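Novice: Build the 3D model from these lines:
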Amino acid sequence: MRLLTVTLITFFCWGVSHAETKSVDVYSANLRSSPSTTASYVVLQVPKNYPLMVLESTEEFYKVSDFVDRTGWIHKSIVGDSAGVVVVKKIVNLRKGPGIDHEITCKVEKGVAFEVIKEQEGWLEVLHDSGRRGWIYKKLVWGI
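Specialist: Sure thing, here's the model as predicted:
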């Protein structure tokens, strides 16, 4: 009985801390009020690479949540497993390399989404849909 309890606690804790995250694969996607394209309304439009935490799943849709806990439904065909992140601070620096000693290439506002290319020592090399590439400190984004 004790082994079963430990196993269940471990499984529950793993599930809470390792929620599945998906990222938008298309230029712009709609989060909907229900799992339907005809019997629902658009709650929010999100850009490519925007990360979403999966809360629930049907045959065709995911119920998802974003970095500010907005929820909605998105069709499974327009999301994928590629790593995406979104800036969660008001303004952050995009740099030429991983670290504060590297030159700032631009400032990025809260809500901007990026595809993650690689991670190095707490920094993420990211790529914006516009083609802009750089490094951002991991604690300034949500989604990975």
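
Novice: where do the strands sit along this structure?
Specialist: 21-24, 28-32, 42-47, 51-57, 61-65, 71-75, 79-80, 84-87, 91-95, 104-109, 113-120, 123-127, 133-137, 141-142 (DSSP state E).

Novice: does residue 32 have beta-bridge partners, and which?
Specialist: residue 42, residue 73 (DSSP bridges).

Novice: Number the residues from 855 up from this point.
Specialist: With the count now opening at 855, the last piece we talked about shows up as residue 886.

Novice: Report pLDDT for it.
Specialist: Here, the pLDDT recorded for residue 886 equals 98.

Novice: and it, what does it touch?
Specialist: By CB atoms under 8 Å, 6 or more residues apart in numbering, the contact set of residue 886 is 894-897, 915, 926-928. C-beta here means a position set from N, CA and C on the backbone, and glycine is covered the same way.

Novice: what's the distance between it and residue 962?
Specialist: To residue 962, residue 886 is 28 Å away according to CB to CB, to the nearest Å.

Novice: ok, now residue 873?
Specialist: 25 Å.

Novice: which of those two has more neighbours?
Specialist: When residue 873 and residue 962 are compared for neighbours, residue 962 comes out ahead with 21 against 10, by other CB atoms under 10 Å.

Novice: Now do the contacts for the more buried one.
Specialist: 941, 945-948, 990.

Novice: Do you know the pLDDT at the residue most central in space within the chain?
Specialist: Centroid check for the chain by CA atoms, centre = their mean gives residue 905 as the closest residue, at 1.9 Å. Residue 905 is assigned a pLDDT of 98 by the prediction.

Novice: ok, now residue 872?
Specialist: The model's pLDDT for residue 872 equals 55.

Novice: again with the one 10 residues further on
Specialist: The predicted local distance difference test score for residue 882 is 95.

Novice: before we move on, back to that, check the strands of the chain for me and report the most buried one.
Specialist: Comparing these by mean neighbour count (mean count of other CB atoms under 10 Å), strand 938-941 ranks first with a mean of 24.

Novice: From the chain's centroid, how far away is that strand?
Specialist: 5 Å (CA atoms, centre = their mean, to the nearest Å).

Novice: Show me what it is packed against.
Specialist: strand 875-878, strand 905-911, strand 967-974, strand 995-996 (3 or more CB pairs under 8 Å, 6 or more residues apart in numbering; DSSP states H and E).
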